[in-house]
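J.: give me the fold of what follows.
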Amino acid sequence: MNINKHLCYHQYLISNNKENVFLCPNINDSNLNRNSDIDDYFMIFQNLMTNIIDFSILYLSKKDYIKKRKKTILMLKEILINYSLSDKTFHLAISLLDSIFMKINAINEMNIIAIFCLIIASKFIENDSFKSTLLEQNYSKQISSNYKNDEIYILKLIDYNLNITTAYDVLNLILTQQNILFDGEEKKNKFSTHHMAIVYLNKLIENEIILTLNPIEISFGIIQLIRKRLKLIPENKEIYKLFFKDYNNKNFTKAYLIFYNLFCNKNKRNENKQIQNYENEKNYQILSLKKKNGEFCPILVA
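T.: Coordinates of the predicted model:
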């Protein structure tokens, strides 16, 4: 397969530019057994779903927050890189920040609150306590003269709840089944599909449109985007069976099209045409696959 012909060949996302490439853990690409217990996956997935927060109110009513959000996230990203913290810490910190600003309106203190969120998230997530301790020591005096009381105030705002399900959590769970997700095609390419998925996610988190989608839609939208890059049929229903008892009521095409617009298509005036092309391509590939397998297949109409 010639990857140079892919429609979604995002070289700028995998460059050496710090602004585009973010920390990605050195994950082994080994996959769990395809015959793993589906009920176990469904149970884990359901547990994650119980801790999902709807941030759409921020997108709809907190315009001042939205304007400053990206700049604040980029600041957190720079700190995270400097202290070698994990992606999981980064995404939890942003979720904490979004949660706090659903309750208060303190735009002038947004960067200070964001650093508090990062310190709190690092204490909760990082296995190496030295990282979070060093981060706290270096920033506590800079951001607050009464650090401990202010930290308690921040924790009260989030009801001491750090068990927030982020898109990173969901995506990591889904990516344990890469053979099913990408039909084994990822092994033929020079890039790591896990790394690419996290790169997409870390870039998407800066965009306010992410607040209109839940972590499940975000995760499966990214998976479809990578499948598009691998020139596979955009959807693979087999993987959804691990997470949904009734997949027919789930549709992640909306998230995929949003991400395709952001990363692949510079002309944003042809959304309806893109939807039509998406359906045509999916139907064409399904038809080709059935013909290859010798199955009788009527003409598909998009």
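J.: geometrically speaking, which residue is the centre of the chain?
T.: Leu201 (3.7 Å; Cα atoms, centre = their mean).
J.: can you list the domain ranges for the protein.
T.: What automatic domain parsing lists as the domains of the chain is 36-51+168-264, 53-157, 270-302.
J.: pretty sure Pro215 contacts Ala167?
T.: Yes: Pro215 is within contact range of Ala167, at 4.0 Å (criterion: Cβ atoms under 8 Å). Where you see a C-beta, it was placed from the backbone N, CA and C, and this is true even at glycine.
J.: the helix or strand encompassing Asn179: what's the following helix or strand?
T.: Applying DSSP states H and E as the criterion places Asn179 in helix 178-181. Sequence-wise, the next helix or strand downstream of helix 178-181 (DSSP H and E) is helix 193-204.
J.: quick one: list the elements packing against that following helix.
T.: helix 87-101, helix 167-174, helix 178-181, helix 215-229, helix 253-263 (3 or more Cβ pairs under 8 Å, 6 or more residues apart in numbering; DSSP states H and E).
J.: mean neighbour count added to those helices, as TSV?
T.: Formatted as TSV, those follow (neighbours: other Cβ atoms under 10 Å):
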stretch	mean neighbour count
helix 87-101	24
helix 167-174	22
helix 178-181	21
helix 215-229	24
helix 253-263	19
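J.: of all the ones you listed, which lies closest to Glu136?
T.: Among the helices and strands packed on helix 193-204, helix 87-101 comes nearest to Glu136, with 13.0 Å by Cβ to Cβ.
J.: list the contacts of the closest one.
T.: Here helix 87-101 makes contact (Cβ atoms under 8 Å, 6 or more residues apart in numbering) with 22-25, 53, 55, 58, 62, 65, 72-73, 76-77, 80, 110, 113-114, 117-118, 120-122, 124-126, 154, 157-158, 162, 164, 166-169, 172, 198, 201-202, 205, 211.
J.: okay, the domains of the chain in CSV with mean pLDDT next?
T.: Converted to CSV, the domains of the chain look like this (pLDDT from 0 to 100):
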stretch, mean pLDDT
domain 36-51+168-264, 84
domain 53-157, 92
domain 270-302, 51
